[in-house]
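Chemist: no sequence on this one, just coordinates:
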């Protein structure tokens, strides 16, 4: 019964997206910081972020909310990609060495423990010698 009511209520409304999830994370961080340090300004900012999240979720202006999400993703995806790449490098640090191509600055991954090897960049074809 409650599920059907909520489903009917959300018809024609925007709902959650990536920007809302980021706002919820910001809200949680601000709430924890305000609880730890007892800062009233952080608490107010957390309430504002939560209110904006709920406003976006229940909004019927879907086009405006999509534009906001697209603007957010335009800046978030490069940051997310760098974080994921750094995590992969960290996870594979025992098995692989990472080098930058001197010509095109492309990141290259080669196996560790092979001694001096000639590395060919698949992007530009530049060849260089490095010790792994």
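Modeler: The structure has been received and is ready for your questions. As the structure is a computational prediction, the values presented were derived from the model and not from experiment. Numbers count the residues shown, from 1 in each chain.
Chemist: ok, longest helix in this protein?
Modeler: helix 62-91 (DSSP state H).
Chemist: Next SSE downstream of that one?
Modeler: Next helix or strand after helix 62-91 toward the C-terminus (DSSP states H and E): strand 96-100.
Chemist: Kindly calculate the angle that the next helix or strand after that following strand makes with strand 96-100.
Modeler: For strand 96-100, the following helix or strand on the C-terminal side (DSSP H and E) is strand 107-111. In terms of direction (axes from the mean of the first three to the mean of the last three C-alpha atoms, to 10 degrees), strand 107-111 departs from strand 96-100 by 150 degrees.
Chemist: Okay, now the sheet partners of the next helix or strand after strand 107-111, with direction.
Modeler: Per DSSP H and E, strand 107-111 leads on to strand 116-120 as the next helix or strand towards the C-terminus. Sheet pairing of strand 116-120 (DSSP bridges) gives strand 127-131 (antiparallel).
Chemist: And residue 31, how close does it get to residue 44?
Modeler: 11 Å (C-beta to C-beta, to the nearest Å). Backbone N, C-alpha and C define where each C-beta goes, glycine included.
Chemist: More neighbours: which of these two?
Modeler: Taking neighbours as other C-beta atoms under 10 Å, residue 31 and residue 44 compare with residue 31 leading, 17 against 12.
Chemist: that older thread, I'd like the mean pLDDT over the longest helix of the chain, please.
Modeler: Mean pLDDT, helix 62-91: 94.
Chemist: One more: stretch 18-35?
Modeler: Here the average pLDDT along stretch 18-35 is 95.
Chemist: So what's the gap between that stretch and the chain middle?
Modeler: Put simply, stretch 18-35 sits 14 Å off its chain's centre (C-alpha atoms, centre = their mean, to the nearest Å).
Chemist: what sits up against it?
Modeler: Residues from elsewhere that reach stretch 18-35 (C-beta atoms under 8 Å, 6 or more residues apart in numbering): 39-40, 42-43, 45-46, 49-50, 52-53, 56-57, 68-69, 72-73, 76.
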